[in-house]
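Engineer: sequence and predicted structure, then a few things I'm wondering about:
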Amino acid sequence: MATVTTSSSPATLQSCRHASHGVVRYCPPLPWRRRRSFGQVTTKDTASSQGQPSATGGWVEAPVGVAAEAGEEGDSIRRLQNGPDVRGVALEGEKGRLVDLTPLAVEVIAESFGEWLREELQRPEGEELRVSVGRDPRLSGARLSAALFAGLARAGCSVFDMGLATTPACFMSTILSRFNYDASIMMTASHLPYTRNGLKFFTKHGGLTSGDVEKICDRAAQKYVARKMGLGGRGTPPVVMRVDLMSAYSQHLRDIIKQRVAHPTHYDTPLKGFKVIVNAGNGCGGFFTWDVLEKLGADTTGSLHLEPDGTFPNHMPNPEDATAMSLTRDAVLAHGADLGVVFDTDVDRSGVVDDTGAAINGDRLIALMSAIVLDEHPGTTVVTDARASDGLTRFIASRGGHHCLYRVGYRNVIDKGVQLNIDGVETHLMMETTGHGALKENYFLDDGAYMVVKIVIEMVRMKLAGLERGVGSLIMDLEEPAESVLLRMNILGEPKHAKQRGTMAVEAFKNYIQEDKLSGWVLDDCGDCSVSEGCLVDTNDHPIDIDAYMYRAKLYDENKRPLGMVHVRQSVHNPNIALNMQSYLPGGCKSMAKDLHERFLLASGVNEFLDTREVEKFVK
């Protein structure tokens, strides 16, 4: 169904030269109840991970050549890669989708990650590697966690089980002094259905790149083939230490709020007198209510879906979900709250609702964060994905900032910001329109809870300054498109051909415009930046890996006036092509979709392997 809204790895990259003169260019588990303590240590010998029989009757790895000969089996592991993450179907129940994220798949990926980590850190065999593991409340979590522990143990890693945790907390377990682990893995599939699950990987340097995960999956594919052929046995149960990371992470967030607000009359309870509604969507975000807001004095009466439930019975935890935002809005208005918060499942994304009930997500959330960050760091650059609107660009420029648009994909956006800082272009904020947001001050980590912390601090400061209006007043002058539409076209055929066909479709779109077969359409170029071809190719010596193909184009009328834009991209998470359209005029998205359907989708022949029914339904 079409969704329509109307307005009411660090590498050296050449600098975005536009950032110096203010002209934007397109650059391109532990269930959380009120209290519960962790268990203690399970001590067992670990199996050898070196492909040699262990003292307890270990296993022997298959020769590399055996795995190479069984390409189809190995490809089933490689297809689990989704950009910098691993994602797959973990439970039966999805029509047309078989379970592919099996315990064996998780085990060999975890083992391969442990081996990769040892090589990256240049740690000799036998030296301890400490890896923490967290998970969201999905039903498949417990079973797959056991496989994850086993795989890490086979690679010689000591395992620290955080139980129910958030993705940002997993990374912070490598930073916080009481823990300081070498790496961390979060088991989650974010906003995807309860039948899915996945893995996110972190070292002290941040999340892994797509290239890193590709190497890990290639190694895992060989192991998977060998195990399927019976060439390798099970090791003994791993050593697993249960740890309470979330309490330390919550204290870390509380301390930031107390220190930066520095309330003149009640330092330890700076949120006293404020009402904040949290909608955790039955994911991992409930901790923020009990262990952050309430301990700082906030009234959280009316908060929604705080208890973890892996079936997500009320709605998907997702700040883009209309039901999630609507329910939160109703609760804010019913309880007279100052702020509403919506988290996604693993709390690396968030959205908010202001005191008037206005939803602040997408471009609005980027605008709000930009206003806060630009007040702290005048003139800084803000990096977003290329689905952001021209109105957001003008908003950032009006506050003295610079806007760099880049590829869709939270890792792409963050890595672009890292590279700009390396090149001397001050960049404090990187945000994707889906709600992923990272700050230079917070280790370039996309942390939904930290975003809310920044907003809460601003809310209190405004009140202390005598301002009666809420945080929504900071973005009152944001110009929004008349219409925004998201359409998807599934890629037909076998899953193993989906990536290739998706690339073909996106490249065909580019070629049609370049060959002037779509009159009025113009590819956005990248101006003075070091990326070209519609935010696809980095032309420096060390480009960011491409995990999906995408282009952005604008449509102009006969008088050269812009009518709207379309962003065509290959989805990283599912076998489909996404069309994000924005129109500057009512009815413009339908007109653009009709033009694309008749003069590109049908004329080019890509409809032979793309399901265009959603587009056809929209234009009728």
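Structural biologist: That came in fine, so what should we check first?

Engineer: may I have the helix or strand harbouring residue 150 as CSV, with CA atoms only?
Structural biologist: In the assignment (DSSP states H and E), residue 150 maps to helix 141-154. As requested, the backbone C-alpha atoms of helix 141-154 are provided in CSV (Å, rounded to 0.1, in the frame of the first residue of the first chain):
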residue,chain,number,x,y,z
GLY,A,141,16.2,-14.9,20.6
ALA,A,142,16.9,-17.5,23.3
ARG,A,143,17.5,-20.4,20.8
LEU,A,144,19.7,-18.3,18.5
SER,A,145,21.6,-16.9,21.5
ALA,A,146,22.7,-20.3,22.5
ALA,A,147,24.1,-20.8,19.0
LEU,A,148,25.7,-17.4,19.1
PHE,A,149,27.5,-18.2,22.4
ALA,A,150,28.7,-21.5,20.9
GLY,A,151,30.1,-19.9,17.8
LEU,A,152,32.0,-17.3,19.8
ALA,A,153,33.4,-19.9,22.1
ARG,A,154,34.7,-21.9,19.2
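
Engineer: right, and the helix or strand after that helix?
Structural biologist: strand 157-164.

Engineer: paired strands for that following strand, with orientation please.
Structural biologist: In the sheet, strand 157-164 lines up against strand 129-135 (parallel), strand 240-242 (parallel) (DSSP bridges).

Engineer: can you lay out the ones you listed as a markdown table showing mean neighbour count and mean pLDDT?
Structural biologist: For every residue, glycine as well, the C-beta is placed using N, CA and C. Rendered in a markdown table, the data for the strands paired with strand 157-164 read as follows (neighbours: other CB atoms under 10 Å; pLDDT from 0 to 100):
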| stretch | mean neighbour count | mean pLDDT |
| --- | --- | --- |
| strand 129-135 | 25 | 98 |
| strand 240-242 | 18 | 96 |
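
Engineer: residue boundaries of the helices in the stretch 51-200 of the chain?
Structural biologist: If DSSP state H, counting those that start in this stretch is used as the criterion, the helices of the stretch 51-200 of the chain fall at 64-69, 71-78, 103-121, 141-154, 167-172.

Engineer: and these, which one averages the lowest pLDDT?
Structural biologist: When mean pLDDT is averaged over each of those, helix 64-69 scores lowest at a mean of 46.

Engineer: quick one on the thing from earlier: tell me the angle of the helix holding residue 150 relative to strand 129-135?
Structural biologist: Angle between the axes of helix 141-154 and strand 129-135 is 170 degrees (criterion: axes from the mean of the first three to the mean of the last three CA atoms, to 10 degrees).

Engineer: buried set for helix 141-154?
Structural biologist: Residues of helix 141-154 classed as buried by neighbour count (16 or more other CB atoms under 10 Å): 141, 144, 145, 146, 147, 148, 149, 150, 151, 152, 153, 154.

Engineer: give me the neighbour count for the nearest residue to the fifth one once chain neighbours are set aside.
Structural biologist: In this case it means residue 147. With CB to CB, 6 or more residues apart in numbering as the criterion, residue 147 has its nearest non-adjacent residue at 3.8 Å, and that residue is residue 103. When neighbours are defined as other CB atoms under 10 Å, residue 103 has 17 of them.

Engineer: next: residue 620.
Structural biologist: With neighbours defined by other CB under 10 Å, the count for residue 620 comes to 7.

Engineer: what's the answer for residue 468, then?
Structural biologist: Per other CB under 10 Å, the neighbour tally for residue 468 reads 8.

Engineer: from residue 335, how far out is it?
Structural biologist: Here the criterion is CB to CB, to the nearest Å. By it, residue 468 lies 19 Å from residue 335.

Engineer: check residue 471 too.
Structural biologist: 17 Å.

Engineer: likewise residue 472?
Structural biologist: Counting by CB to CB, the gap from residue 472 to residue 335 is 17 Å.

Engineer: where does the stretch 401-550 of the chain dip in pLDDT?
Structural biologist: Within the stretch 401-550 of the chain, the set of residues satisfying pLDDT under 70 comprises 525-548.

Engineer: ok, which stretches of it are strands?
Structural biologist: Using DSSP state E, counting those that start in this stretch, the strands of the stretch 401-550 of the chain run over residues 402-406, 427-431, 437-439, 445-446, 483-490, 521-523, 531-532, 537-538, 550-556.

Engineer: of all the ones you listed, which lies closest to residue 611?
Structural biologist: Nearest to residue 611 among the strands of the stretch 401-550 of the chain is strand 483-490 (4.3 Å), distances taken as CB to CB.

Engineer: list the neighbouring strands of the closest one plus their orientation.
Structural biologist: Strand 483-490 sits in its sheet next to strand 3-6 (antiparallel), strand 576-583 (antiparallel), going by DSSP bridges.

Engineer: helix or strand for the closest residue to residue 315 other than its chain neighbours, which one?
Structural biologist: Take residue 315 and drop its neighbours on the chain: the residue closest to it by CB to CB, 6+ apart is residue 323, 4.2 Å away. Element membership of residue 323, judged by DSSP H and E, is helix 322-335.

Engineer: what residues does that helix touch?
Structural biologist: The contact list for helix 322-335, computed with CB atoms under 8 Å, 6 or more residues apart in numbering, reads 275, 277, 279, 281, 301-304, 314-319, 337, 339-342, 351, 353-355, 357-359, 361.

Engineer: quick one: name whatever helix or strand follows that helix.
Structural biologist: Once helix 322-335 ends, the next helix or strand along the chain (criterion: DSSP H and E) is strand 339-343.

Engineer: can you list the strands that that following strand pairs with?
Structural biologist: Partners of strand 339-343, by DSSP bridges, with direction: strand 276-279 (parallel), strand 350-353 (antiparallel).

Engineer: pipe the ones you listed into TSV and attach distance to residue 289 and mean neighbour count per row.
Structural biologist: Converted to TSV, these look like this (distance: least, CB to CB, whole Å; neighbours: other CB atoms under 10 Å):
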stretch	distance to residue 289	mean neighbour count
strand 276-279	5	30
strand 350-353	13	28
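
Engineer: relative to residue 242, which of these is closest?
Structural biologist: Taking CB to CB, strand 276-279 is the member of those nearest to residue 242, at 26.1 Å.

Engineer: check the offset of that closest one from the chain's centre.
Structural biologist: Counting by CA atoms, centre = their mean, to the nearest Å, strand 276-279 is centred 21 Å from the centre of its parent chain.

Engineer: CA-only coordinates of it in PDB, if you can.
Structural biologist: Taking C-alpha atoms only, strand 276-279 is exported to PDB below (Å, rounded to 0.1, in the frame of the first residue of the first chain):
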ATOM      1  CA  VAL A 276       7.000  12.400  29.500                       C
ATOM      2  CA  ILE A 277       5.200   9.600  27.700                       C
ATOM      3  CA  VAL A 278       7.200   6.700  26.400                       C
ATOM      4  CA  ASN A 279       5.900   4.200  23.900                       C
END
